[in-house]
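Colleague: Structural data only, the sequence is not supplied:
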């Protein structure tokens, strides 16, 4: 099988975990690996993924080899494969647009961004860089709330002829107009807002669906999340949270059996705790009524390393998008988007999304 050539926008914690993981599993044997939903997917293994281009705006990353940039501040994710070889891929300056919230500049450099002094490239320059790299797919790892920047890079993907995997809650794959444009170009699209491998939203969904299947009437629920990485720091600007809350809330509402009133459901990031670094702590509560309208409640605390949790899903999304390219399938990938993302164009239960994705893989 050929390699899968990807470009990355945003060399943050999630990109760090993905790059580490590609090398971590490169020498694994089929009977050894753990932590993967699929060891082989469509004939591809994680080690077949190769990052050939990367863009960022932090001066500690721009101009450095990707193998060094993934460990540069303010990245703070777990280092589970420190021996990442020199890649020969130099991180390029990207476009800022709304990718950096103003309040981030008020925090210490080791916690926030330090904007590079290089001139920002225009769209033509980025498209040229993508074409010259030989990339087939573009992964969006920009900060939450980067509405303009995400659309800018989606346009670049279209111009350069790349599939697009939208890992953040800006609505591209769930927007019919963007879907139409990628479909017309014969380019695959997966999104929006990547789920964790086993994180807050997938766990909350499973519990809400369990209530429904067991005949327990769900009356109120919340999901509270705290973390200490740049993602949580960025989301202290509540104006950037609208699409994130919508994405996470709809992911739970869609499997709850009946829609809860807005006052009875709260799902979303809650606060920034610096010393947590890339660890995310989630508190979930569900209140309902059993047989005879007898009340009950369930509470759960979940602690995960946020970015490796995301990368465990990204390696499958990348391989599904590669299969679509090989098959000449453009537009949104319905099954993979529903299984891998919180806000796909069409919501399914997790079991349905899993079966659709397995069917897609088998073609």
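Modeller: That came through, no problem. As the structure is a computational prediction, the values presented were derived from the model and not from experiment.
Colleague: What is the neighbour count of residue 327?
Modeller: 12 (other CB atoms under 10 Å). Any C-beta I mention is one placed from the backbone N, CA and C, and that applies to glycine too.
Colleague: longest helix anywhere in this protein?
Modeller: What stands out as the longest helix in the chain, according to DSSP state H, is helix 306-327.
Colleague: That one: which residues count as buried?
Modeller: Within helix 306-327, the residues that count as buried by 16 or more other CB atoms under 10 Å are 306-325.
Colleague: on contacts alone, who are the packing partners of the helix or strand just after it?
Modeller: Counting by DSSP states H and E, the next helix or strand C-terminal to helix 306-327 is strand 331-332. Where contact means 3 or more CB pairs under 8 Å, 6 or more residues apart in numbering; DSSP states H and E, strand 331-332 is packed against helix 176-184, strand 188-190.
Colleague: Quick one, grab the pLDDT at the closest residue in space to residue 345 that isn't next to it in sequence.
Modeller: Excluding the flanking residues, the one nearest residue 345 by CB to CB, 6 or more residues apart in numbering is residue 174, at 4.6 Å. pLDDT recorded at residue 174 is 96.
Colleague: mind listing what residue 174 touches?
Modeller: 191-192, 343-345 (CB atoms under 8 Å, 6 or more residues apart in numbering).
Colleague: Out of those residues, which sit inside helices?
Modeller: Using DSSP H, none of those sit in helices.
Colleague: mind putting these in CSV, pLDDT, neighbour count and distance to residue 11 included?
Modeller: Shown next, in CSV, are the contacts of residue 174 (pLDDT from 0 to 100; neighbours: other CB atoms under 10 Å; distance: CB to CB, whole Å):
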residue, pLDDT, neighbour count, distance to residue 11
191, 96, 33, 20
192, 97, 28, 21
343, 96, 28, 24
344, 97, 28, 26
345, 97, 22, 28
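Colleague: closest to residue 160 among the residues you listed?
Modeller: Lowest distance from residue 160 to these (CB to CB) belongs to residue 191, with 17.7 Å.
Colleague: residue contacts, that closest one?
Modeller: 164-167, 172-174, 332, 337, 341, 343-344.
Colleague: for residue 80, same thing?
Modeller: 20-21, 24, 308.
Colleague: And the helices in this structure?
Modeller: 13-24, 66-69, 123-133, 147-160, 176-184, 200-213, 230-234, 242-253, 306-327, 334-340, 350-362.
Colleague: Give the rounded mean pLDDT of the third one.
Modeller: The reference is to helix 123-133. 98.
Colleague: If anything else comes up later, I'll come back, but that's it for now.
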